[in-house]
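**Q** Turn this into a model:
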Amino acid sequence: MPNFDAIALVLSCIGTLCWIVCFWWMHRISSRQDALLEELHDITKRIEKLSQAEHDLIRDVHPKVGEIKEHVEDVREAVSPKKS
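**A** Residues are numbered from 1 along each chain as shown. Have a look, this model is predicted:
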């Protein structure tokens, strides 16, 4: 019969080594996720700046767009055939 204490010791060592490898692997994945989240955060900051600039431009142009829309509707009414 094999020595059960020796087998238990070997299995404990293997389990400990597997835990260490798993911990290292999770740390590596976590580091990559942190880097990716940092990059996404930078991208969202740039998108927010661009959106704010676009919003400001639209706010400046909006009154003019309303006037153009009114003129287009006036022209549409003048050009459209009258219903009988």
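
**Q** Run through who's touching stretch 38-45.
**A** Applying C-beta atoms under 8 Å, 6 or more residues apart in numbering, stretch 38-45 turns out to have no external contacts. Backbone N, C-alpha and C define where each C-beta goes, glycine included.

**Q** what pLDDT, on average, does that stretch get?
**A** Averaged across stretch 38-45, pLDDT comes to 96.

**Q** Now that stretch: buried residues?
**A** Within stretch 38-45, no residue counts as buried by 16 or more other C-beta atoms under 10 Å.

**Q** export that stretch as PDB, just CAs?
**A** C-alpha atoms of stretch 38-45 as PDB (Å, rounded to 0.1, in the frame of the first residue of the first chain):
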ATOM      1  CA  GLU A  38      -8.400  53.400 -18.800                       C
ATOM      2  CA  GLU A  39      -8.300  53.600 -22.600                       C
ATOM      3  CA  LEU A  40     -12.100  53.500 -22.800                       C
ATOM      4  CA  HIS A  41     -12.300  56.300 -20.200                       C
ATOM      5  CA  ASP A  42     -10.000  58.400 -22.400                       C
ATOM      6  CA  ILE A  43     -12.100  57.700 -25.500                       C
ATOM      7  CA  THR A  44     -15.300  58.700 -23.700                       C
ATOM      8  CA  LYS A  45     -13.700  61.900 -22.600                       C
END
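
**Q** quick one: which helix or strand includes the residue minimising distance to the centre of the chain?
**A** In the chain, the centroid-proximal residue (C-alpha atoms, centre = their mean) is residue 40; its distance is 6.0 Å. Element membership for residue 40, per DSSP states H and E: helix 4-79.

**Q** Can you give the distance from that helix to the centre of its chain?
**A** 2 Å (C-alpha atoms, centre = their mean, to the nearest Å).
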